[in-house]
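J.: I'll drop the sequence and a predicted model, then ask my questions.
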Amino acid sequence: MKSLKILWRAVADELSAICHTSATRDYQTVSSRIENEGLSFLTITLPAFAKDFERSLDTGLVDSSYFYGFHRSKGPLPTFLEGFLSQVFDSSSGHLLDDPDIESIFSIRQLTTMFGKILLPCSDARNEAAILQYIKCEQEIVDSAVLIPGKSKQDFSRIADLLFTDVFAELENRLNEEVLVPRHGPGATADKLRGNSKFQQREWPSRLEKLFPFGEYAVPSWRFYKEVVKDVNFLEPGQERPVKVVLVPKTLKTPRIIAIEPTCMQYMQQALSNDLSCLLESDRIGRNTRPNIIAGQIGFSDQMPNRHMAREGSRNGKFATLDLSEASDRVSKGHVSDLTLNWPLLQEALMVTRSEKALVDGFGVIPLVKYASMGSALCFPVEAMVFLTVVYFGIEQELKRPLTRRDVKSLAGSVRVFGDDIIVPENYVRNVIDALELFGFKININKSFWNGKFRESCGGDYYSGQDVTTVKVRRVFPSSRNDVEEVQSLVALRNLFYTNGLWKTARHLDKIIGKVLPYYPVIEPTSPLLGRHSFLPYQGERDCPRLHRPLVRGYIAVSKPPRSTVDGYGALLKFFLKQGDEPFADEKHLQRQGRPSVVDIKLRWMTPF
């Protein structure tokens, strides 16, 4: 904790010099409150301060209810960070200045958001509260489904057809032709199969058989079917293995809830997800390459369009950025049924690859009303389609007439969905929010902006067209080279501070890193070594005797996949599933596979670029 407090001071000193103020009293406040409140002051209290600051930017006024828990001596501004705040807001009235200092806006956000995303386990009480909210969310989904008018559901289905007819038609063609290619993900599974053992599955839900027969998708060819099927347990709906709900670190305030899927379900989810995601992002669809009318309006692989739109919205107020709470968990199976109402084959495919039960610690096995939690390969593409449909439902309410293809095309570049980050034209925002709430979704008001000049989307934060995105600490500092992930995170943190212009802070971190890594060279960002990024050129220490290129001595993270052997039909299946992709990089992939359980740091001579 001491190292984090010292880092806060280093950043504060550098930013106060840039903004021509002093942070001495601010550091005294931080030091005193850490002593009394512990790490939660940095990870919970300061990020809450940041949210109130951003809300003040949006409304143009410091409200008396903002900055709770921080002392005010006189006037509306808290004394904490007052030297920075007074360059953004009027000290006597609390109103936003006509020309607020951008550097001060960045500084306040940097000093208050820096530790908000640090990966630390939550307290037991916060974990229990997260699980209770997960259960409560299920009931709220049921209640909201009852409240949605029948006419609204019909309009939702009609708009979905308008948006996705070409995508759905192409996907149904591929389902009929049985050309979807399943995949195994690298992560954990509910049945605890790992690595190459996933290619020798022994469980298969019977409801998958109609669309995705085991003999077609889980073995190399039907000639192996008789040999394998005698050892396969075909599960009836009541026997299916539930997803396992687990908590993973997100912030110290609340954990992230994910659901670990059974191998067989994840396997076929990947088959649908890969094609569906590609089609949704494509400019043209099908054999006749018909233009995709939603091209550019849904994203999965590139966050930059969202960031560019957020920057533009902060400059001219044209776009609103919306964020949803519990986004994945509030997409219900009813939403998906209405989305695909006129596409029975696709609807069946989406439903049979959906897990229907969850094992929740303290609650046992519960039936699921939500379509899928994070952990399902179909979670993100399905929620994106639902959110985009609801967005256009809201736009239609504003237009007071049915939408047309021309309307949708005209909004290209003005509407975009990436996960739960939604961007819409500012003049439609009220109707879109009403529509989202009508269909049971919750707006995260602390992360949604449309009034002032502040916008955020997909990790990019902007004020009046200026980038005010902050650098965040992701892990605690390492105590030795054995703390590999912490070492990697610290080096990445240093380089982010450097590229963001906080060079004194970067030098402060260089001293800390130098105690852990005796060899710490200047490198290019493309180098695999753990080293310093610099605008100055690297200096080669010797030449490679074979390739005659410069080498430097430094540390590199190395790992080896765990031992996991596969042969017979499983090895052949793995070969066939890779056809059309890059060749196997590891010639021992049939002996080792999966995420490494151990990562080490080794000293090597390597290229600095």
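T.: Right, received. Where do you want to start?
J.: which residues of the stretch 401-550 of the chain score low on pLDDT?
T.: Along the stretch 401-550 of the chain, no part satisfies pLDDT under 70.
J.: all strands of it, in order?
T.: For the stretch 401-550 of the chain, the strands defined by DSSP state E, counting those that start in this stretch cover 416-418, 421-425, 442-443, 454-457, 460-463, 466-467, 522-523, 532-533, 542-543, 550-559.
J.: Of those, which is nearest residue 13?
T.: Closest to residue 13 of those is strand 532-533 (CB to CB; 20.9 Å). For glycine as for every other residue, the C-beta is placed from the backbone atoms N, C-alpha and C.
J.: And the contacts of that closest one?
T.: For strand 532-533, the external contacting residues (CB atoms under 8 Å, 6 or more residues apart in numbering) are 494-495, 498-499, 506, 510, 520-525.
J.: and what of stretch 514-530?
T.: For stretch 514-530, contacts defined as CB under 8 Å, 6+ apart pick out 478, 480-481, 487-488, 490-491, 495, 510, 513, 531-534, 536-539, 541, 552-557, 601, 603-604, 606-609.
J.: Just the buried ones among the residues you listed, please.
T.: By neighbour count, with 16 or more other CB atoms under 10 Å, these hold 478, 481, 487-488, 490-491, 495, 513, 531-534, 538, 552-555, 557, 601, 606-608 as buried.
J.: Identify the residues contacting residue 391.
T.: By CB under 8 Å, 6+ apart, the contact list for residue 391 reads 415, 417, 422, 424, 432, 435-436.
J.: mind giving me JSON lines with those and columns for distance to residue 41 and neighbour count?
T.: Formatted as JSON lines, these follow (distance: CB to CB, whole Å; neighbours: other CB atoms under 10 Å):
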{"residue": "415", "distance to residue 41": "40", "neighbour count": "23"}
{"residue": "417", "distance to residue 41": "35", "neighbour count": "26"}
{"residue": "422", "distance to residue 41": "32", "neighbour count": "29"}
{"residue": "424", "distance to residue 41": "36", "neighbour count": "26"}
{"residue": "432", "distance to residue 41": "36", "neighbour count": "26"}
{"residue": "435", "distance to residue 41": "39", "neighbour count": "24"}
{"residue": "436", "distance to residue 41": "34", "neighbour count": "22"}
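J.: Check the spacing between residue 149 and residue 358 real quick.
T.: Counting by CB to CB, to the nearest Å, the gap from residue 149 to residue 358 is 29 Å.
J.: what's the answer for residue 11, then?
T.: Counting by CB to CB, the gap from residue 11 to residue 358 is 42 Å.
J.: now swap in residue 548 and tell me
T.: For residue 548 relative to residue 358 (CB to CB), the value is 59 Å.
J.: Residue 600 now?
T.: Per CB to CB, residue 600 is found 36 Å from residue 358.
J.: same check, this time on residue 175
T.: Distance from residue 175 to residue 358, by CB to CB: 27 Å.
J.: These two: who's more crowded?
T.: residue 358 (23 against 20; other CB atoms under 10 Å).
J.: isn't the more buried one right up against residue 259?
T.: Yes. At 6.1 Å, residue 358 and residue 259 qualify as touching, with contact defined as CB atoms under 8 Å.
J.: Show me the common contact partners of these two, please.
T.: Common neighbours of residue 358 and residue 259, using CB under 8 Å, 6+ apart, are 243-245, 373.
J.: So which of the residues you listed are in strands?
T.: The strands, defined by DSSP state E, take in 243-245 from the shared contacts of residue 358 and residue 259.
J.: Just want to check the distance between residue 197 and residue 265.
T.: Going from residue 197 to residue 265 by CB to CB gives 16 Å.
J.: Compare neighbour counts for those two and give me the winner.
T.: Neighbour comparison, residue 197 and residue 265: the larger count goes to residue 265, with 28 against 20 (by other CB under 10 Å).
J.: Excluding chain neighbours, give the residue nearest to the more buried one in space.
T.: Closest residue to residue 265 apart from its sequence neighbours, by CB to CB, 6 or more residues apart in numbering: residue 355 at 5.4 Å.
J.: helix or strand for the one you found, which one?
T.: When elements are defined using DSSP states H and E, residue 355 is found to belong to no helix and no strand.
J.: just residue 601 next, same as before
T.: strand 599-606.
J.: relative orientation of that strand and strand 550-559 in degrees?
T.: Using axes from the mean of the first three to the mean of the last three CA atoms, to 10 degrees, the inter-axis angle of strand 599-606 relative to strand 550-559 is 160 degrees.
J.: what about strand 599-606, distance to the chain center?
T.: Computed by CA atoms, centre = their mean, to the nearest Å, the chain-centroid distance of strand 599-606 equals 30 Å.
J.: And for it, what's in contact with it?
T.: For strand 599-606, the external contacting residues (CB under 8 Å, 6+ apart) are 481, 484-485, 487, 519, 527-530, 542, 551-559.
J.: One more pass at 6 Å, please.
T.: By CB atoms under 6 Å, 6 or more residues apart in numbering, the residues outside strand 599-606 that reach it are 481, 484, 529, 551, 553, 555-559.
J.: In three-state terms, how would residue 109 be classified?
T.: Three-state assignment for residue 109 (DSSP: H, G, I helix; E, B strand; the rest coil): helix.
J.: I figured it hits residue 470, correct?
T.: Yes. Residue 109 is within contact range of residue 470, at 5.1 Å (criterion: CB atoms under 6 Å).
J.: quick one: which of these two has more around it?
T.: Neighbours per residue (other CB under 10 Å) separate residue 109 from residue 470, with residue 109 holding more: 23 against 20.
J.: Local confidence estimate at that one?
T.: Residue 109 carries a pLDDT value of 98.
J.: Noted, bye for now.
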